[in-house]
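> Whatever this is, show me its structure:
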Amino acid sequence: MKNTTPTYCSGPISRRSALQLGGATVGGLGLAGLLKARSLSASPMTPEPDTSVILVWLPGGQSHMETYDLKPDAPEAYRGDFRSIHSNVPGIDVCELLPLHARCADKFTLIRSIHHHSANHDAGHKRFLTGRIPKKPDGFVNDHPMVGSIVSRVRENRPNASGLYDYIVTGDGRVNNVDTFSFGAAYLGTRTHPFRISADPNADDFEIKNLSLVDGVSEARLDDRTALLNGLDRIRRDIDLSGMMDGGDSFNRRALNMVTSPKARAAFDLSQEPAKLRDRYGRHQWGQRALLARRLVEAGVSWVTVVMENPFVSGVEWPKNGTYNWDSHAVNAHIFDDFRVRLPIYDRTITALIEDIYARGLDRRVILIVSGEFGRTPRINSQTGTSTGVKQPGRDHWPDSMSILVSGGRMRTGQVVGATTRKGEEPVQRPLTPNDLWASVYQHLGINPEIAFPDYSGRPMPILPFGSPIPELDPIA
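Numbering: from 1, shown residues only. Coordinates of the predicted model:
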């Protein structure tokens, strides 16, 4: 990425922003920068291409050694229980518990050389999801915006015929708190927090409460905008606006658009999908949330995050030596027994999403990313399990190497980017950081990574401070 002065893009300047900018002149922005900021913010933004991102987020950090970067020739203390299998692309081997991945490897790319240095969950979430080295390594509250919030902010003036939010997160009840996974908007404000959906899309009574008509407003009164606005207080509490007036006003407008838009409401109607396709994804929360994500990007949403934590929502029995998310310490789980249950469910849902994206021609405008915050220690660590009371194998946090699946985005697929050592410890080919991935994502979305927004003190912060697009992910004709 070029080291140039960031492009400041704040949108119409409010009184609050003007005060921030005034303070920034003292802090080093300078008169020229202030005038440039005012000039740019006075002009409407150019509509961005009709492109989207689906991020499947695996909290806890999935093990690269048991999924996409197995080391069959490593010493026994490293290689684990599972063997690797060949795929339909020579040179791409995956875990034996991922046979459906092996059948469609020509439709995705594996990046095996992304790494960073934030080894705790909170720091790892913030480092990966914001493209910034965290100011505070502890805590999940962002000091910089999550990439989805940035995309939502940059695109907020883009025409959206569906009326849908541009940043939507779906997962279990833990997603209702925007800070659980560092999904927050930081200094961009609550108006770019994600619209969060924790209802079970596989349930017969699945309903997006925030899209249901507010109490006391009937279908016949959809045109009564005053009544609708008066009824949005309940929804505002659900979204946790934290009392910010600018965020509240913006939310009211967006929520009203969603309530009154037939296209927005239809996007959540999974009954429109063929039963066979719903079965292919899996009739459980993971599968139906992934299908919902495809429907949302197809309807025009720019960014959808699907949180996949607990695989036992699929109806399989939760093993005593299993764990809730992907945090496979030995004290939490017997990693191999847990993965014997977890990976077949994961295999089915992820490959259904990949194949569906390509079958519907969405691969040209949608990029899929599957990742957690880091990988796991290459060396197996045995400890006594908290639930089992017996010694069992596990792997600890390891940001020095991790594997990420990407698909779609008009990229050349059926390839592997980078490589790690024989023991999976660190990159030995094409070392990359999360910022390089985000640079490619911004390129896909048509967003200039040098755009900057004022932080809490009014200083302009580029949306990506460093990183360069990964050439292997560049779109092809």
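
> averaged over its residues, what pLDDT does whichever strand or helix holds Y78 have?
Following DSSP states H and E, one finds Y78 within helix 76-79. In this model, helix 76-79 has an average pLDDT of 96.

> Stretch 120-131 too?
Per-residue scores along stretch 120-131 average to 98.

> who's in contact with it?
Here stretch 120-131 makes contact (C-beta atoms under 8 Å, 6 or more residues apart in numbering) with 59-61, 116-118, 132-134, 137-140, 142-147, 181-183, 186, 327, 371, 373-374, 397, 399, 434-435, 438, 463-465, 467. In short, each C-beta sits where N, CA and C put it, glycine included.

> Narrow these to those that are buried.
Listed as buried from the contacts of stretch 120-131 are 59-61, 116, 118, 132-134, 140, 142-147, 181-183, 186, 327, 371, 373-374, 397, 399, 434-435, 438, 463-465, 467; burial here means 16 or more other C-beta atoms under 10 Å.

> Among those, which are located in helices?
Counted as lying in helices by DSSP state H, out of the buried ones among the contacts of stretch 120-131, are 147, 434-435, 438.

> can you list the weak-confidence ranges in the chain?
For the chain, residues meeting the criterion pLDDT under 70 lie at 1-49, 160-161, 209-260.

> measure stretch 110-118 end to end?
The first residue of stretch 110-118 is 22 Å away from its last residue (C-alpha to C-alpha, to the nearest Å).

> Could you do stretch 322-331 as well?
One end of stretch 322-331 to the other measures 10 Å (C-alpha to C-alpha).

> coming back round to it: now do the helix holding Y78: which elements does it pack against?
Secondary-structure packing of helix 76-79 (3 or more C-beta pairs under 8 Å, 6 or more residues apart in numbering; DSSP states H and E): no helix or strand packs against it.

> now that helix: how far from the chain's centre is it?
On the basis of C-alpha atoms, centre = their mean, to the nearest Å, helix 76-79 sits 31 Å off its chain's mean C-alpha point.

> right, and the helix or strand after it?
Where DSSP H and E defines the elements, the next helix or strand beyond helix 76-79 is strand 84-86.

> right, and the helix or strand after that next one?
Scanning forward in sequence from strand 84-86 by DSSP H and E, the next helix or strand is strand 93-95.

> So what are the sheet partners of that next one and their directions?
Using DSSP bridges, the strands paired with strand 93-95 are strand 84-86 (antiparallel).

> For the partner strand, buried residues please.
Of the residues in strand 84-86, those buried under the neighbour-count criterion (16+ other C-beta under 10 Å) are S84.

> quick one on the thing from earlier: now the ones in helices among the buried ones among the contacts of stretch 120-131 in JSON lines, with distance to T170?
Below are these laid out as JSON lines (distance: C-beta to C-beta, whole Å):
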{"residue": "V147", "distance to T170": "17"}
{"residue": "P434", "distance to T170": "22"}
{"residue": "N435", "distance to T170": "26"}
{"residue": "W438", "distance to T170": "21"}
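
> and these, which two are the farthest apart?
Spanning the widest gap among those are V147 and N435, at 10.2 Å by C-beta to C-beta.

> Show the contacting residues for T420.
64, 69, 112-113, 401, 426-428.

> ditto for W398
61, 119, 374-378.

> out of the residues you listed, who's nearest G315?
Closest to G315, out of all of the contacts of W398 and judged by C-beta to C-beta, is G61, at 25.2 Å.

> right, and the closest one touches G372 too?
Yes: G61 lies in contact with G372 (C-beta atoms under 8 Å); the separation is 4.1 Å.

> residues shared between the contacts of those two?
Both G61 and G372 are in contact with 326, 402, where contact means C-beta under 8 Å, 6+ apart.

> most surrounded residue in the contacts of T420?
Most neighbours among the contacts of T420, by other C-beta atoms under 10 Å: S401, with 28 neighbours.
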